[in-house]
Each structure stands twice: as C-alpha cells, then as structure tokens.
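S.K.: sequence plus the predicted model coming up.
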Amino acid sequence: MKQFMAMLKQNENEHPPPTKLLDLAGQLCQELQSSSPSLEKLVEAVMKCKNYRDFLNNIHVVRACVSVHIHKGQHDAACRLLEHCKAEEKEELVQLWHEVHYRRVMEKQQTDVLTPLQKFRCRKRNPPPISLCPEGLKNRNYSQEVRQHLFRFAAEVTANPDKKQREELAQAMNLQPTQVYNWFANYRRRQKSLHMEELNNSCPERALASHRNEPQDKGSNTPQTA
C-alpha cells in the first residue's frame, strides 16, 4: 500500500500512468476487503488522481470504487462511474449497475434483502445505460431517451422504416437492427389497435357487426341438457 501511494505521488502528472502503477492498483483492489479502511483510502487516492480515468480500465479498480461508493451511500456517484468507465468486462459492469440500485432500494426500505420480484422490478425501472451494453439492450424496457428517439422518428419520418433506416437507427442508439425492426412492428400494431378502438367508439354499430363476425366457440352454442 505504501509503495502504491509513493508511486502514485511520483507519477501523478504522467499520462497515461505507468502500466506497473495501474497493475498494482488492480492487485491491491483485488486483495483488500470491500469494507476495509485501507480500500477506502486507496479508492480516495485514485479518485483524486489527475488521470483517475485511466485506472477505471481495470475491473478490480472499478469494483472497488463502486463498493466504496455503495458503503458510503453515494449511489449516484457509483452510477456515474460505471457509465463512463472503460473496463471491457461489460457483463460484470451491468451486474454492478444492478447491485447499486438494489442497495438503494434496500436502504430506502430499510431491509437487508430483496425478493426476486423486487429485484426484477428494480432492474426494469433502472435499465443499464447504452454504454454498458455494446451488444445492444437485452431487454425491451428501453431507456426514456431511446423510446423518445424512436417515437419521434415514427411520428416525423415514418413508422415503417426501410432496412437502411433501421440500420442507421440501430447504430445511433446502440441497438441491434432486429430490435429496431421489432419495435416498429409493435408500434404499428399498437397504432392499428388504437385506430380500430376509436372507430368502434365512434360507431357502435360497427363494433356490434365486428363482434357478430367473430368466429364463435362451437361448444358455446350446444344446448345444455338438464
């Protein structure tokens, strides 16, 4: 620990910091316990460093920083760190993102554990940012920014984009083209359903005729015997 602090001070203006210093930071973060005062001191020194972002390429340093932020109740700081870090272990970063929000809920509800349903709802309410999902968002509960962009395109350009437009939208929002295709297909289906509902509300006779034309369950017309 003393060796690291001395090296950090000696190379505080080096950009990027020496590889040996970065590796030592990761090794110490991996060895120290998550709630130990030594780890908090290490994280504080790293975060005050002029080139601290270079240290956030190491997943062990990121995990340690998030752990210290959670321990101090600094959930927003932990989220910002995860959103802008450059570590390659994206799946683990997503798990850390969820863990931050689990802890926030647990503190709010004053409990030490969440049920699977509570965790599921927490993940749905707090999807990870696009920067943590290089393969595209894996769930359908897209962020508000993504939904607004898609709705705006559907309203102002077209609700039935061609292949080139879908690929451009996917690239702009870090989605897969198939996700864009499915979103617009669902959007058109919802719009058609809303349009039919409006027609039926404005013309009850149309709704009644539509109901009469629906296929009936044969079993429902069979007279029941006493």
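M.R.: That came through fine.
S.K.: ok, and the closest non-adjacent residue to Asn57?
M.R.: The shortest distance from Asn57 to any non-neighbouring residue, by CB to CB, 6 or more residues apart in numbering, is to Lys86 (4.9 Å). Backbone N, C-alpha and C define where each C-beta goes, glycine included.
S.K.: the one you found in helix, strand or coil?
M.R.: Here Lys86 is recorded as coil under DSSP: H, G, I helix; E, B strand; the rest coil.
S.K.: please verify my assumption that it contacts Leu56.
M.R.: Yes - using CB atoms under 8 Å, Lys86 makes contact with Leu56 at a distance of 6.2 Å.
S.K.: tell me which of the two has more neighbours.
M.R.: Leu56 (18 against 11; other CB atoms under 10 Å).
S.K.: how close does that one get to His149?
M.R.: Separation of Leu56 from His149 (CB to CB, to the nearest Å): 28 Å.
S.K.: show me the contacts for the spatially most central residue of the chain.
M.R.: Nearest to the geometric centre of the chain sits Pro128, at 1.4 Å (CA atoms, centre = their mean). Each residue near Pro128 by CB atoms under 8 Å, 6 or more residues apart in numbering is listed here: 93-94, 97-98.
S.K.: check it and give its pLDDT.
M.R.: Listed pLDDT for Pro128 reads 84.
S.K.: so which helix or strand takes in it?
M.R.: Following DSSP states H and E, one finds Pro128 outside all helices and strands.
S.K.: from now on call the first residue 41
M.R.: All set: I'll call the first residue 41, so the last point we hit is now Pro168.
S.K.: neighbours around Met213, how many?
M.R.: Quick note: Met213 (other CB under 10 Å) scores 19 neighbours.
S.K.: surely it touches Ile170?
M.R.: Yes - here Met213 reaches Ile170: they are 6.8 Å apart, a contact under CB under 8 Å.
S.K.: now the lengthiest helix in the chain: buried residues?
M.R.: Longest helix of the chain, by residue count under DSSP state H: helix 217-242. Using 16 or more other CB atoms under 10 Å as the test for burial, helix 217-242 gives 219-221, 223-224, 227, 240.
S.K.: which one of those residues is nearest to Ala85?
M.R.: Closest approach between the buried residues of helix 217-242 and Ala85, by CB to CB: Gln219, at 41.7 Å.
S.K.: I'd like the distance between that closest one and Pro77.
M.R.: For Gln219 relative to Pro77 (CB to CB), the value is 45 Å.
S.K.: quick one: low-confidence parts of the chain?
M.R.: 73-75, 174-181, 237, 240-266 (pLDDT under 70).
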